[in-house]
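Enquirer: structure for this input, please:
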Amino acid sequence: MGASDHYETIVIGSGQGGTALCQALANAGRRTALVERAHVGGTCVNEGCTPTKTMVASGRVAYLARRGADYGVRTGSITVDLIRVRQRKRDIVDSFRNGSQSRIEKTPNLDLLFGEASFTGPRSILVRLKDGSHRTLTGDKFFINAGCRASVPSLVGLESVPYLDSTSIMELDAVPEHLLVMGGGYIGLEFAQLFRRFGSRVTIVQKAAQLLRGEDADVAAEVLKIMQEDGIDVLFNRKVQRVAKEGPQIKLAVVDGENETHTITGSHLLVATGREPNSDSLNIGAAGIAADKRGFIEVNAKLETNVAGIYALGDIKGGPAFTHISYDDFRIIRANLIEKGNASTDNRLVPYTLFIDPQLGRVGLTEAEARAQNRRIRVAKMAMSRVARALEVDETRGFMKAVVDADSGLILGAAVLGLEGGEVMSMILLAMMGKLPYKVLYNAVFAHPNLSEALNTLFLESNFTS
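Expert: Numbers count the residues shown, from 1 in each chain. Now for the predicted structure:
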């Protein structure tokens, strides 16, 4: 092994955190290697945010086209060309991916290696390159940004059924006749609504008693109402016992809350029951890196593992699995290692948006979480049907909700389920970041008739409950 195989810093995985980090380290003068198994950009660019939101945009066009008569616009029969939808998605993904890869390749002090990395010790990795050769690299510091993948449940018969996951479903060339969706979480709901809008019959099979188990019950109930209004069937308290393919049909044997078995039949099956970390291929045990029982790498508030000089960022460390959190992890490491700062994940606000339509924007504590902490709170809630802009564009589904500290008036959390809910939530996020009491938003002058103006009305005293 020569000197060329030693790097000051080695980044494993080019997700949103790793891509930015390797360039920052190299630009700071540190000889850096980025090892990527598949393609630059990680889940977000290749299988997550970029492709799904591209397809969601196509679904929304189909939805609005079918509603043309509501706005006095006559349209003909609406059909979806899934091959064209897919190609548009592929073109945008390629553009994003290739742009990121080009910037990496042009960065001085940075080597991009395509291959699979595994630790051989706390300061060395073996890289199985795509051409079949092997290369051993040593480094002073390692940064693991290897992400997660769709998990496969232990289910009788699944191995013999051509099921879909969150990646393969976006490669279909024809709209499914009847899509069965296992899982009522974020991924399952986005694809359920999307393919309903494309023209599929859709049935969601949910093991729990509500959708979105981490959200407040009233939020989950309103999301359910929206799904049902869109023509999606949702079955609760259904545990799938086995799956089989009979001719062109897929059959699920499910047990309900009364312990009775039912058969659900469809043409396609999407398994959306969670994600698992890619730590199993990294041989982290050889480096002595600690992980929890699910394989998520354990880190402290500065993203350090239990092994000095080894860090983990993004989805592989567990916690909120969002692109913007991976990128903020990069900022924490940059601040501490390059800028000599003292950043951490302590008290970090975690906003996110579920891209069903209307969107669900969320930040901070839910009402249930706040009550579980025995906080003195007040809850402001208002239907989107009271928002002028929503009425004007005839999209009034959902509601806005904010949890406020009863003593200080500071906003503890919010859920905005409605037209551009993620954008409106971001207004509340800014208030939370600035520690502004809710009355500042109540008294603020917002341009009329923007959606943000609804924050005036949300915080009317008449909308509060204790």
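Enquirer: and Gly214, helix, strand or coil?
Expert: coil (DSSP: H, G, I helix; E, B strand; the rest coil).
Enquirer: quick one, phi/psi of the closest residue to it other than its chain neighbours?
Expert: With sequence-adjacent residues excluded and distances taken as Cβ to Cβ, 6 or more residues apart in numbering, Gly214 is closest to Thr366, at 7.6 Å. C-beta here means a position set from N, CA and C on the backbone, and glycine is covered the same way. Per-residue torsions, Thr366: phi -80, psi 170 (degrees, to the nearest 10).
Enquirer: and for Thr366, the neighbour number?
Expert: Look at Thr366: counted by other Cβ atoms under 10 Å, it has 20 neighbours.
Enquirer: which pLDDT value belongs to Gln215?
Expert: Rather than Gln, residue 215 is Glu. On the pLDDT scale, Glu215 is placed at 97.
Enquirer: for it, list the residues it contacts.
Expert: Residues in contact with Glu215 (Cβ atoms under 8 Å, 6 or more residues apart in numbering) are Val223, Leu360, Arg362, Thr366, Ala415.
Enquirer: and it, how far from Ala321?
Expert: Going from Glu215 to Ala321 by Cβ to Cβ, to the nearest Å gives 16 Å.
Enquirer: other SSEs contacting the helix or strand hosting Val85?
Expert: Following DSSP states H and E, the helix or strand that holds Val85 is helix 82-105. Judged by 3 or more Cβ pairs under 8 Å, 6 or more residues apart in numbering; DSSP states H and E, the packing partners of helix 82-105 are helix 16-27, helix 42-46, helix 49-66, strand 110-121.
Enquirer: my read is that Leu360 contacts Thr366, right?
Expert: No. Counting by Cβ atoms under 8 Å, Leu360 stays clear of Thr366, with 11.8 Å between them.
Enquirer: do a quick rundown of the helices in the stretch 301-450 of the chain.
Expert: 323-333, 367-372, 388-392, 421-433, 438-443 (DSSP state H, counting those that start in this stretch).
Enquirer: just the ones you listed: most buried one?
Expert: helix 323-333 (a mean of 22; mean count of other Cβ atoms under 10 Å).
Enquirer: how is this structure divided into domains?
Expert: Per automatic domain parsing, the domain ranges recorded for the chain read 3-150+276-338, 158-273, 352-465.
Enquirer: those domains: which one's closest to Asp346?
Expert: Shortest separation from Asp346 across the domains of the chain is recorded for domain 3-150+276-338, at 5.1 Å, computed as Cβ to Cβ.
Enquirer: any idea of the mean pLDDT for that closest one?
Expert: For domain 3-150+276-338, the per-residue pLDDT averages 95.
Enquirer: gap between that domain and the chain center?
Expert: Relative to its parent chain, domain 3-150+276-338 has a centroid offset of 13 Å by Cα atoms, centre = their mean, to the nearest Å.
Enquirer: so Gly421 touches Phe355, yeah?
Expert: No. Using Cβ under 8 Å, Gly421 is not in contact with Phe355, being 9.6 Å away.
Enquirer: nearest to Met382 among the contacts of Glu215?
Expert: For those, the nearest to Met382 is Ala415 (11.6 Å; Cβ to Cβ).
Enquirer: what does the pLDDT read for that closest one?
Expert: Reported pLDDT for Ala415: 98.
Enquirer: looking at it, it is touching Pro358, isn't it?
Expert: No. Contact between Ala415 and Pro358 fails when scored by Cβ under 8 Å: they sit 11.9 Å apart.
Enquirer: same drill for the two, tell me which one is more crowded.
Expert: Between Ala415 and Pro358, Ala415 has the larger neighbour count (other Cβ under 10 Å), namely 27 against 23.
Enquirer: you'd agree Tyr8 is in a strand?
Expert: Check again: residue 8 is Glu, not Tyr. Yes. The assignment for Glu8, made by three-state DSSP, places it in a strand.
Enquirer: need the contact list for the closest residue to it other than its chain neighbours.
Expert: Closest residue in space to Glu8, ignoring its immediate chain neighbours: Arg30 at 4.3 Å, by Cβ to Cβ, 6+ apart. Neighbouring residues of Arg30 by Cβ under 8 Å, 6+ apart: Glu8, Thr9, Asn109.
Enquirer: separation between the first one and Gly41?
Expert: For Glu8, the distance to Gly41 under the criterion Cβ to Cβ works out to 24 Å.
Enquirer: of these two, who's got more company?
Expert: Between Glu8 and Gly41, Gly41 has the larger neighbour count (other Cβ under 10 Å), namely 25 against 16.
Enquirer: wouldn't that one be in contact with Ser14 here?
Expert: Yes. With contact defined as Cβ under 8 Å, Gly41 counts as touching Ser14 (6.4 Å).
Enquirer: tell me the phi and psi of the nearest residue to Thr79 once chain neighbours are set aside?
Expert: Spatial nearest neighbour of Thr79, excluding adjacent residues (Cβ to Cβ, 6+ apart): Gly199 at 7.4 Å. With angles defined as degrees, to the nearest 10, Gly199 sits at phi 120, psi 0.
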